[in-house]
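>>> how would this look folded up:
(chains A, B and C)
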Amino acid sequence: MLDADRGNHADISRHLAARRPGHTLPAPLYTSAAVWAADCDAIFGRHWIAVGVACDVPEAGDVIAVDIGPSSIVILRDDDGALRAFHNVCSHRGARLVPPGRSIVGKLVCPYHQWTYNLDGALALAPHMGVDFDHALHHLKPVALRDVGGILYACLAAEPPADIKELAAVMEPRLADYDLRNAKVAFEQDLIEEGNWKLTMENNRECYHCASNHPQLSLSFHAADFGYDPENLTESERAEANALIDAYAKYSAHWTEEGLAYEPVEHTVGWPTNFRTQRLIIAGLGESQTPDTRAAVSFPLGNANRPWMGDVHLWGINSWNHIMSDHAVVFIAYPIAPNRTLVRTKWLVHADAVEGEDYDLENLTAVWKTTNSEDAHLVALAQRGVSSAGYRPGPYSRFTERALDEFATWYVARMQASGYAL
Amino acid sequence: MLDADRGNHADISRHLAARRPGHTLPAPLYTSAAVWAADCDAIFGRHWIAVGVACDVPEAGDVIAVDIGPSSIVILRDDDGALRAFHNVCSHRGARLVPPGRSIVGKLVCPYHQWTYNLDGALALAPHMGVDFDHALHHLKPVALRDVGGILYACLAAEPPADIKELAAVMEPRLADYDLRNAKVAFEQDLIEEGNWKLTMENNRECYHCASNHPQLSLSFHAADFGYDPENLTESERAEANALIDAYAKYSAHWTEEGLAYEPVEHTVGWPTNFRTQRLIIAGLGESQTPDTRAAVSFPLGNANRPWMGDVHLWGINSWNHIMSDHAVVFIAYPIAPNRTLVRTKWLVHADAVEGEDYDLENLTAVWKTTNSEDAHLVALAQRGVSSAGYRPGPYSRFTERALDEFATWYVARMQASGYAL
Amino acid sequence: MLDADRGNHADISRHLAARRPGHTLPAPLYTSAAVWAADCDAIFGRHWIAVGVACDVPEAGDVIAVDIGPSSIVILRDDDGALRAFHNVCSHRGARLVPPGRSIVGKLVCPYHQWTYNLDGALALAPHMGVDFDHALHHLKPVALRDVGGILYACLAAEPPADIKELAAVMEPRLADYDLRNAKVAFEQDLIEEGNWKLTMENNRECYHCASNHPQLSLSFHAADFGYDPENLTESERAEANALIDAYAKYSAHWTEEGLAYEPVEHTVGWPTNFRTQRLIIAGLGESQTPDTRAAVSFPLGNANRPWMGDVHLWGINSWNHIMSDHAVVFIAYPIAPNRTLVRTKWLVHADAVEGEDYDLENLTAVWKTTNSEDAHLVALAQRGVSSAGYRPGPYSRFTERALDEFATWYVARMQASGYAL
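All right, here's what the predicted structure looks like:
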């Protein structure tokens, strides 16, 4: 670490130490360029973060390039069908090997000087480097990659946190029915939110804002699933809350019978790899997050063919997911700037489902396209506010925003564990 | 203050200390991002700055949101008709409460989670916060606001400078005739100048540049009012200067008779609240700053119905104003970036004046729309120049740029008084 | 130097010291804003850099304004026909005197307050400054300027490096035949490359990337001129390489006979003023870098009327040039931001050559317009890569990238000599 960085480092450590439990973060943690760079380093550089889905690269030679802050990685399926990831950086002059998005390749050939790598990252060809040039020293730099039930997590650090195995242990059985590894990406949307990535993550970890901001999502979503103040309900709210309690009693008996895990699992404060999962009841007719709450696809994902399987909800450090019987939606947030975050949303359906026949793309994507757009507006309002001289960290509701409080606590602890401690 | 900030702080203090009397500021004071942030903090955060006019919010429930650098405030008229200002930041998660521009509201409702504030800033409703939640602790953060003859000044700091009373004492009587509090905003223009806010302010404090850059303004404006070198005039310049001296002798006798204050009052170096005022003769036919120098509106502001009342010129820290018998023009500068400044111009007429009948909007706004655009070009040239390695602080004319020298001296002193001292 | 700067200074010095011989630069030297500012200061501010051609300002009163990073200079031909350069900054309030591009003037008049300078930089007129004002103290700040065979080099520093005389000694005789001082600029192109200026310079100092990226340039260019690995050639490559060796033997005998210098001269590591020159054989029909490798202009530059004069190739700190018998192409790189560089390309022909009659503009400019566009893409790929967490400095080929290794070594040494040393 160098001098000016050392000054920033001490500043960041003090901002982290100043965070008050139960409250939103001190302003600079949402607004400062130095903090953002530290987040890219410590969180996005040293933790397991979501980067895509296995069915992004279904065949040998399929490649995607994914930008993570200023960095870029390549995810590919090698000739043996195995998933691999590398830094998207040629070992020669550093040029980006693979363009953004999807490609199909036999080998990875750098467009600059034709250095050529096998799909296992070995340098196969480097013209004009001399007879004594040791190709083995110039292997592509590998990136740790884990496929958890078809969702891909990568860690840019040399020694990734070991607790990814906890995520796998919890989620592999819960995702097995849906066979996401063999699904297909029916649609992908990139949306830029004008806010810090942590405001994006806070926003999706609560549904306190749903009733007045997400009329369409509310048709298939029980906001009460994310908590409510039990001592301050109107008659009709209480009736609704009680009905939901009864429904969970009925559903959970059914789920138990079917062998479907549903209990919430939280793995947040105290762990490097932050995740939370729970099986939720879908509201309305209960099938799917669609405008009419019915399945959008005419046949299920994998063998998720039992009715009322609900919504397997899974949150990670930079992602959230809804896995339903007919389709799954995977949301991944990538930091672009202190006040800009890319949200990439993928809608997954069975690999054999045919657009126009087995599903209508507009119907499949309507709820979350609308909801994403509404959320982008809210995140921008929050970013503008926390940048203001009048901002002071405010109190989280212990009923509806407990998960945000824990996310903030987790974030501070992980930054401190990554060296940003006084 | 933190480590990296401490480095910046010492740098800024040295740049301020390096300023040479009679000369423009050292380059970093116009160009550095750290200085700009310090200006937002020390000048725009701890001084009385212009933020609008009382007739921006004529009725109870009228609200405007005004951005001041990275901050935002809400100015409103409450149910009792009183003016109030608050930070435009929800006490919950910090979201911006009120969108930019004008709104009409019953209460202030945060779009994020429906926290609801009365127009006095009290938190009326905060769903799901629990029975033990103390609403009183989450009042909107108030902002000090003063209405001086219908022009609004705010101070973001907890302890605003006391000398706003001097501004009020001088200006209330001088503005009384015009009854600006009950005027209306006929037109508003936002223009971005590609320069530091201090270059915007320097530009409007001199008319040395008028003759060759503002042909239209020069029809109604005597550049000589802003000083000239008496020993270096052509015959015709001398004749003009002497004619203006004679005119002032005649006008001031008339103004005295009518009880109209006209003497210059300067309240700059040595005070926190910088202002200067003087009643100026309007050139040409002498009625108004219009293309034909005649009144643009068919009846006067307030009871400003005596002929040849001239132009009450008032400069502040971030504003300049021309108040004439038929209309007033209020200019307010807001910092956007080290090299970008928003100039918001408001044209005020009598509340009962009807566009198209009592005034022609194009005629009303022509002179200053043109002049603003010419000034934006000059400020951009100055910003480009001071950013160059070849820039050295240059000499102000002691005849035509004395007010700029004083503004620079005031600025350095205020920054030093705000803690940016060695 | 101030506190925060001092921190940056130490950081930069450590990054420079970390550079490993034979390898690309450490990432921050390509990406950091502080390093970029230091480059503008130490390299572009204290070395001789290319800024244009003498025939940019053929007549007395011709002026061009050239932006160099945040700075701007004026180059003009004075009333005596002499070339002069000044900082493009008025001595009064610092406004930029001359707009970008070309103008024709009698005197230099600042648009802000009409301060007026003679073409020798003397302040002729400064209104309202008082009888005691000393005009001599406010001369335009001169910039050192050298015309080397018609190519202009400037140095912003007060004490420019003395070794510009080495450049002149080598190049004046080599350029004499072409009489570039009396040529004309037939076309000029501004192209922004999305990369650090050093990546732009590295890219043009090798032709390792030509075969697969520049199909059109390769028709008139022997990539082998820039080196190859002699122990690793295919049969056809070896045949080609040997043919080129034979061709040089033949050409150099011919050039010797004609008195045309052709030997490479390298003046890089160990010198402030970095340059390299060599006369190259043009491939194909051997006349010019055009799509058909024939001359684009129907009569030669100056008296460069002997066939097969080849291509006088000249590289500088921020420029590269190809001078051929029928036309010359001058490329100059200007830093715009850490990751943005302007490449300005000028095509020169005989002053009497008439477009449409003596040359077709499309044919004249085709090869380098295409090649510039291809290079911009490569530089952007390199910039994206070196910004990535996965980037590590990679090895230069000792055959094809020796000039890059030397440029990197020169750059580190010059930065250290400019004070960025531990």
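>>> could you use CA atoms for every contact and neighbour count after this?
Fine.
>>> OK, contacts around A:Gly271?
To be clear, residue A:271 is Trp; Gly isn't right here. With contact set as C-alpha atoms under 8 Å, 6 or more residues apart in numbering or on different chains, A:Trp271 has these partners: A:Asp163, A:Trp410.
>>> so it: helix, strand or coil?
Under the three-state scheme (DSSP: H, G, I helix; E, B strand; the rest coil), A:Trp271 adopts coil.
>>> need the pLDDT of it.
Looking at A:Trp271, its pLDDT reads 97.
>>> what's the answer for A:Asp5, then?
On pLDDT, A:Asp5 comes in at 64.
>>> got it, and A:Asn8?
Note on A:Asn8: pLDDT of 84.
>>> do the same with A:Ala296
97.
>>> just the one 4 residues further on next, same as before
The per-residue pLDDT reported for A:Pro300 equals 97.
>>> before we move on, what about the one 4 residues further on?
Here, the pLDDT recorded for A:Ala304 equals 94.
>>> that one reaches A:Ser325, doesn't it?
Yes. Between A:Ala304 and A:Ser325 a contact is recorded at 5.2 Å, counting by C-alpha atoms under 8 Å.
>>> neighbour count for those two, which is higher?
Per other C-alpha atoms under 10 Å in any protein chain shown, whichever of A:Ala304 and A:Ser325 has more neighbours is A:Ser325, with 27 against 19.
>>> what sits against the more buried one?
A:178, A:287-288, A:295, A:300-301, A:304-307, A:309-311.
>>> returning to that earlier point: list residues touching both of A:Ala304 and A:Ser325?
A:Tyr178.
>>> quick one, what contacts A:Thr116?
So A:Thr116 contacts A:Lys107, A:Leu108, A:Val109, A:Cys110, A:Leu123, A:Ala124, A:Leu125, A:Ala126 (C-alpha under 8 Å, 6+ apart).
>>> as a markdown table, these with neighbour count and secondary structure would be great.
As requested, the contacts of A:Thr116 are exported to a markdown table (neighbours: other C-alpha atoms under 10 Å in any protein chain shown; DSSP: H, G, I helix; E, B strand; the rest coil):
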| residue | neighbour count | secondary structure |
| --- | --- | --- |
| A:Lys107 | 17 | coil |
| A:Leu108 | 25 | strand |
| A:Val109 | 19 | strand |
| A:Cys110 | 23 | coil |
| A:Leu123 | 23 | strand |
| A:Ala124 | 17 | strand |
| A:Leu125 | 14 | strand |
| A:Ala126 | 19 | coil |
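>>> hmm, stretch A:340-356 touching chain B?
No. Using C-alpha under 8 Å from any C-alpha of the partner chain, stretch A:340-356 never reaches chain B; the gap is at least 15.8 Å.
>>> so how far is that stretch off the chain centroid?
14 Å (C-alpha atoms, centre = their mean, to the nearest Å).
>>> which residues touch that stretch?
For stretch A:340-356, contacts defined as C-alpha under 8 Å, 6+ apart pick out A:180, A:182-197, A:200, A:297-302, A:326-336, A:359, A:361, A:364-365.
>>> how close does A:Gly121 sit to A:Val312?
Applying C-alpha to C-alpha, to the nearest Å, the value for A:Gly121 to A:Val312 is 35 Å.
>>> cool, and A:Lys141?
Note on A:Lys141: its distance to A:Val312, by C-alpha to C-alpha, is 35 Å.
>>> equivalent analysis for A:Pro99, please.
To A:Val312, A:Pro99 is 33 Å away according to C-alpha to C-alpha.
>>> which one's more surrounded, those two?
A:Val312 (21 against 16).
>>> tell me what that one is bridged to.
Note on A:Val312: beta-bridge partners by DSSP bridges are A:Arg279, A:Ile323.
>>> ok, it - contacts?
Counting by C-alpha under 8 Å, 6+ apart, A:Val312 touches A:Arg174, A:Tyr262, A:Thr277, A:Gln278, A:Arg279, A:Leu280, A:Asn321, A:His322, A:Ile323, A:Met324.
>>> tell me the pLDDT at it?
98.
>>> any idea how far it is from chain B?
25 Å (C-alpha to the nearest C-alpha, to the nearest Å).
>>> A:Val367 belongs to a strand?
No. According to three-state DSSP, the state of A:Val367 is helix, so it is not within a strand.
>>> and the pLDDT at it?
Looking at A:Val367, its pLDDT is 98.
>>> OK, contacts around it?
A:Gln216, A:Leu217, A:Gln289, A:Thr290, A:Pro291.
>>> do A:Gly101 as well
Going by C-alpha under 8 Å, 6+ apart, A:Gly101 touches A:Ile64, A:Ala65, A:Val66.
>>> give me the three-state assignment for the last one.
Secondary structure assignment for A:Val66 (three-state DSSP): strand.
>>> quick check: beta-bridge partners of it?
Beta-bridge partners recorded for A:Val66 (DSSP bridges): A:Ile73.
>>> and it, how far is that from chain C?
For A:Val66, the distance to chain C equals 12 Å [C-alpha to the nearest C-alpha].
>>> look up how far chain B lies from that residue.
Distance from A:Val66 to chain B, counting by C-alpha to the nearest C-alpha: 31 Å.
>>> can you give me the helices for the stretch 101-250 of chain A?
Ranges of helices in the stretch 101-250 of chain A, per DSSP state H, counting those that start in this stretch, are A:164-176, A:197-204, A:210-213, A:235-258.
>>> buried ones in the third one?
Burial within helix A:210-213, assessed by neighbour count using 16 or more other C-alpha atoms under 10 Å in any protein chain shown, is assigned to A:Cys210, A:Ala211, A:Asn213.
>>> tell me which residue is most central in chain A.
For chain A, the residue nearest the mean C-alpha position is A:Ser319 (1.5 Å; C-alpha atoms, centre = their mean).
>>> for that residue, phi and psi?
phi -150, psi 160 (degrees, to the nearest 10).
>>> name the nearest residue to it, sequence neighbours excluded.
The shortest distance from A:Ser319 to any non-neighbouring residue, by C-alpha to C-alpha, 6 or more residues apart in numbering or on different chains, is to A:Ile332 (4.4 Å).
>>> show me the contacts for A:Leu25.
By C-alpha under 8 Å, 6+ apart, the contact set of A:Leu25 is A:Arg19, A:Pro393, A:Ala408.
>>> that's a strand at it, yeah?
No. Going by three-state DSSP, the assignment for A:Leu25 is coil, not a strand.
>>> export stretch A:251-260 to PDB, keeping only CA atoms.
Provided in PDB are the C-alpha atoms of stretch A:251-260 (Å, rounded to 0.1, in the frame of the first residue of the first chain):
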ATOM      1  CA  TYR A 251     -48.200 -25.000   2.500                       C
ATOM      2  CA  SER A 252     -45.400 -26.100   4.800                       C
ATOM      3  CA  ALA A 253     -47.200 -29.200   5.700                       C
ATOM      4  CA  HIS A 254     -47.600 -29.900   1.900                       C
ATOM      5  CA  TRP A 255     -43.900 -29.000   1.200                       C
ATOM      6  CA  THR A 256     -42.800 -31.300   4.000                       C
ATOM      7  CA  GLU A 257     -44.900 -34.100   2.500                       C
ATOM      8  CA  GLU A 258     -43.300 -33.500  -0.900                       C
ATOM      9  CA  GLY A 259     -39.800 -33.300   0.600                       C
ATOM     10  CA  LEU A 260     -39.300 -29.700  -0.400                       C
END
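>>> show me what that stretch is in contact with.
Applying C-alpha under 8 Å, 6+ apart, the contact partners of stretch A:251-260 are A:Arg174, A:Ala261, A:Tyr262, A:Ile281, A:Met309.
>>> for the first one, give its distance to A:Ser319.
Right, A:Arg174. Using C-alpha to C-alpha, one gets 17 Å for the distance from A:Arg174 to A:Ser319.
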